[in-house]
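Engineer: All I have is the shape, not the residue letters:
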Ligand code: GTP
Ligand code: SPV
Ligand code: MN
């Protein structure tokens, strides 16, 4: 496959350790991929779904103990503990290599090792970064082919260089006690063992495009962020781009593909999806910040996806899709999940493959069940999706799940204040990672699980970028998840979130006033368009309310949080904290 000595030497070493029976290079050709699909169906690793209703679609079930990212077993192994920071798990690289070598040794005996050359973002573009993932899993190969740009042209682009991320993955025994997702940023290396699930094993995604890339971006002057990218086209045909960082399972895919409410559709507004999970951001020649989506597909949350909430996502999954841990509808060999429709199949298997009675009260699909689907199959995919230059960013939006404190939307006073707002973000935990669900925790920039170095240095990088961007995006915060006393969401959300994005763009274009509060600028209630909604202006006033008592409590936690990160939190952010406290007095 390649004469590149660096690649050959590394693959030889990894093969000597894992001892596969054979090595197969993935060239990305349809023939090869189709043969792998057939092989996976033959062994039961994948189930071929109804070709008429879901052409080229497959169902896969992971082990029951292996259904989400494992933050407790995810490590950043830099030479010094200080460089990994206080939030990341750390171990000395030599010690970790030794520990994992034991787990990898002989792990591929009797198996095939697949070598997947892939590119994050368009091959040859200024943003592009290359990786090779070695894996013993066909499921990983077939997902990587959707999620990244896989093929021989990556090897060509590498030439005889060694500038690629070395990824090694083995399912081994899927042993939870020995599951490790480990990054060695200083060696451009990722080792993942004993898992077969999504973010743990599709090494181009969270491991490379966020953890390793954030480390590279800090050193090279760019940013890797957990952000969707969308474009709003106005009736004149002008498109403004917004990026938004929400924690896992907090609405990125949904916002990225939203269908405009009728009032905007009638005027001729359109929304285009550039990306739903990850943005790489660089300063353009015009002095603006430019974004690309380094991925090639979506690894989206299935439950809750339906014809009303996200018809574009649903349409995207109608062909060429791999479903993981959803319900198998045995009536017509299709799939189902909670929130798809009100007709759960009568004859069905749950995500574990057991006979499932939809009346039992037990969930059929795992809450973190997912679809892996091609971006190019999305009806609203942006014409700029493949543009190697990316798109210019007008606004950056942060947001999380907060039942009370955070208002529907507010704008920061400046870049540094915006960085402060992102840095103190908090959100309720979700099923996207193992552990308790619904617990409020700090999740700076939605990157808590994904920063490949010290969090204080990460904040400092944001501050430094602000100084370097001549014409930076404006920074906002949103919260779709405020609840009433009975725990119901007050804001309708989904497509109607566009009403908030329209205020954000109006602010960026200096078209609308705002009200100054201790935390930043909130809209005048009448400036959020509620035409066609079942909500009155008093409800909007309530959603925009900044409760001083709640915020005083919120602010009290910031001191501890920053101190827990350590002494690398930049002074600019401590200054913003003092301003917030003074404003709340
Ligand atoms: P990851 O892929 O884990 O990074 O998640 P994500 O941020 O892309 O989240 P996604 O869009 O898949 O949404 C996750 C869950 O939030 C789904 O169950 C959605 O139905 C729900 N959700 C998304 N947007 C909204 C909203 O505006 N309001 C409410 N109430 N729920 C929403
Ligand atoms: C997330 O958890 O933020 C995801 C899914 O996008 S995973 O790829 O598993 O990380
Ligand atoms: Mn995500």
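Structural biologist: Great, that's in hand. Because the structure is a prediction, the values reported are computed rather than measured. Ligands and ions are numbered 1, 2, ... in the order given.
Engineer: okay, CA-based contacts and neighbour counts for the rest of this
Structural biologist: OK.
Engineer: ok, now how distant is whichever residue of the stretch 51-200 of the chain sits closest to ligand 2 from residue 68?
Structural biologist: Residue nearest to ligand 2 within the stretch 51-200 of the chain: residue 199 (3.2 Å; CA to the nearest ligand atom). The gap separating residue 199 from residue 68 is 7 Å, by CA to CA, to the nearest Å.
Engineer: what's the answer for residue 280, then?
Structural biologist: From residue 280 to residue 68 the distance is 24 Å (CA to CA).
Engineer: which residues does the residue in the stretch 401-550 of the chain that ligand 1 sits nearest to contact?
Structural biologist: Residue of the stretch 401-550 of the chain nearest ligand 1, by CA to the nearest ligand atom: residue 493 (3.3 Å). By CA atoms under 8 Å, 6 or more residues apart in numbering, the contact list for residue 493 reads residue 480.
Engineer: Phi first, then psi, for residue 433.
Structural biologist: Per-residue torsions, residue 433: phi -130, psi 150 (degrees, to the nearest 10).
Engineer: And it, how close does it get to residue 497?
Structural biologist: Applying CA to CA to residue 433 and residue 497 gives a distance of 25 Å.
Engineer: For residue 468, give me the pLDDT.
Structural biologist: The model reports residue 468 with a pLDDT of 98.
Engineer: cool, residue 3 as well?
Structural biologist: Per the predicted model, pLDDT is 84 at residue 3.
Engineer: Ligand 2 contacts on the stretch 151-300 of the chain?
Structural biologist: For the stretch 151-300 of the chain, the residues in contact with ligand 2 (CA under 6 Å from any ligand atom) are 198-199, 206, 248.
Engineer: Which one of these sits in the busiest neighbourhood?
Structural biologist: Greatest neighbour count in those, by other CA atoms under 10 Å, goes to residue 198: 24 neighbours.
Engineer: Show me what the helix or strand containing residue 98 is packed up against.
Structural biologist: Following DSSP states H and E, one finds residue 98 within helix 93-104. Contacts defined by 3 or more CA pairs under 8 Å, 6 or more residues apart in numbering; DSSP states H and E place helix 93-104 against helix 5-18.
Engineer: Direction included, what does the helix or strand following the helix it packs on pair up with?
Structural biologist: Note on helix 5-18: by DSSP H and E, the next helix or strand toward the C-terminus is strand 22-25. Strand 22-25 pairs in its sheet with strand 112-120 (parallel), by DSSP bridges.
Engineer: picking up where we left off before, any idea how far the residue of the stretch 401-550 of the chain closest to ligand 1 is from residue 309?
Structural biologist: Going from residue 493 to residue 309 by CA to CA gives 9 Å.
Engineer: In strands, which of the residues of the stretch 151-300 of the chain next to ligand 2 appear?
Structural biologist: Assigned to strands by DSSP state E, none of these qualify.
Engineer: Verify the contact between residue 566 and residue 456 for me.
Structural biologist: Yes: if you go by CA atoms under 8 Å, residue 566 and residue 456 touch, sitting 7.0 Å apart.
Engineer: Among these two, which residue is more densely surrounded?
Structural biologist: residue 456 (23 against 17).
Engineer: And residue 280 and residue 68? Which one has more around it.
Structural biologist: Using other CA under 10 Å as the criterion, residue 280 and residue 68 rank with residue 280 on top: 25 against 22.
Engineer: okay, the residues of the stretch 151-300 of the chain next to ligand 2 in TSV with distance to residue 153 and pLDDT next?
Structural biologist: TSV is the format used below for these (distance: CA to CA, whole Å; pLDDT from 0 to 100):
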residue	distance to residue 153	pLDDT
198	25	94
199	25	95
206	23	98
248	32	96
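Engineer: want to throw the residues you listed into TSV with distance to ligand 1?
Structural biologist: Below are these laid out as TSV (distance: CA to the nearest ligand atom, whole Å):
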residue	distance to ligand 1
198	10
199	9
206	10
248	3
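Engineer: of those residues, closest to residue 446?
Structural biologist: Nearest to residue 446 among these: residue 248, at 7.5 Å, using CA to CA.
Engineer: Correct me if wrong: the closest one contacts residue 434.
Structural biologist: No: with contacts defined as CA under 8 Å, residue 248 does not count as touching residue 434, sitting 11.8 Å away.
Engineer: residues in contact with the top helix by length along the chain?
Structural biologist: Criterion DSSP state H: the longest helix present in the chain is helix 548-565. The contact list for helix 548-565 (CA under 8 Å, 6+ apart) reads 85-87, 405, 424, 442, 455-456, 569, 577, 580-581, 584.
Engineer: For the closest residue in space to residue 119 that isn't next to it in sequence, the count of nearby residues, please.
Structural biologist: Using CA to CA, 6 or more residues apart in numbering and skipping the chain neighbours, the partner closest in space to residue 119 is residue 130 (4.5 Å). Residue 130 has 24 neighbouring residues, counting by other CA under 10 Å.
Engineer: Mind giving me the packing neighbours of the stretch of helix or strand residue 130 belongs to?
Structural biologist: Take DSSP H and E as the rule and residue 130 turns out to sit in strand 129-135. Here strand 129-135 touches strand 112-120, strand 164-170, going by 3+ CA pairs under 8 Å, 6+ apart.
Engineer: quick one, the first one and helix 5-18 angle?
Structural biologist: So that's strand 112-120. Interaxial angle, strand 112-120 versus helix 5-18 (axes from the mean of the first three to the mean of the last three CA atoms, to 10 degrees): 140 degrees.
Engineer: got the angle for strand 112-120 vs strand 129-135?
Structural biologist: For strand 112-120 against strand 129-135, the angle by the same axes, to 10 degrees is 160 degrees.
Engineer: Can you mark which positions in strand 112-120 are buried?
Structural biologist: Residues of strand 112-120 classed as buried by neighbour count (16 or more other CA atoms under 10 Å): 112-120.
Engineer: is stretch 370-377 up against ligand 2 anywhere?
Structural biologist: No: under the criterion of CA under 6 Å from any ligand atom, stretch 370-377 makes no contact with ligand 2; the nearest approach is 8.3 Å.
Engineer: contacts for that stretch?
Structural biologist: 143, 146-147, 296-303, 315-317, 319-326, 381.
Engineer: Of those residues, which are in range of ligand 1?
Structural biologist: For ligand 1, the contacts drawn from these by CA under 6 Å from any ligand atom are 300-301, 303.
Engineer: Point out the residues in the stretch 351-500 of the chain that sit beside ligand 1.
Structural biologist: 432, 480-481, 489, 493-494.
Engineer: which among these end up buried?
Structural biologist: 432, 480-481, 493-494.
Engineer: Quick check: residue 278 touching residue 294?
Structural biologist: Yes: shown here, residue 278 and residue 294 form a contact pair, counting by CA under 8 Å, at 6.9 Å.
Engineer: Neighbour count: the two, which is higher?
Structural biologist: Taking other CA under 10 Å, residue 278 and residue 294 do not tie; residue 294 has more neighbours (30 against 26).
Engineer: Make sure I have this right: the more buried one is in a strand.
Structural biologist: No: looking at residue 294 with DSSP: H, G, I helix; E, B strand; the rest coil, it is coil, so not inside a strand.
Engineer: residues contacting it?
Structural biologist: With contact taken as CA under 8 Å, 6+ apart, residue 294 is in contact with 120-122, 128, 148, 209, 278-280.
Engineer: Reformat those as JSON lines; add pLDDT.
Structural biologist: JSON lines is the format used below for the contacts of residue 294 (pLDDT from 0 to 100):
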{"residue": "120", "pLDDT": "98"}
{"residue": "121", "pLDDT": "97"}
{"residue": "122", "pLDDT": "97"}
{"residue": "128", "pLDDT": "96"}
{"residue": "148", "pLDDT": "98"}
{"residue": "209", "pLDDT": "98"}
{"residue": "278", "pLDDT": "98"}
{"residue": "279", "pLDDT": "98"}
{"residue": "280", "pLDDT": "98"}
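Engineer: What segments of the stretch 351-500 of the chain are strands?
Structural biologist: Along the stretch 351-500 of the chain, the stretches classed as strands by DSSP state E, counting those that start in this stretch are 370-374, 391-399, 409-411, 426-428, 440-442, 474-478.
Engineer: Lovely, talk soon.
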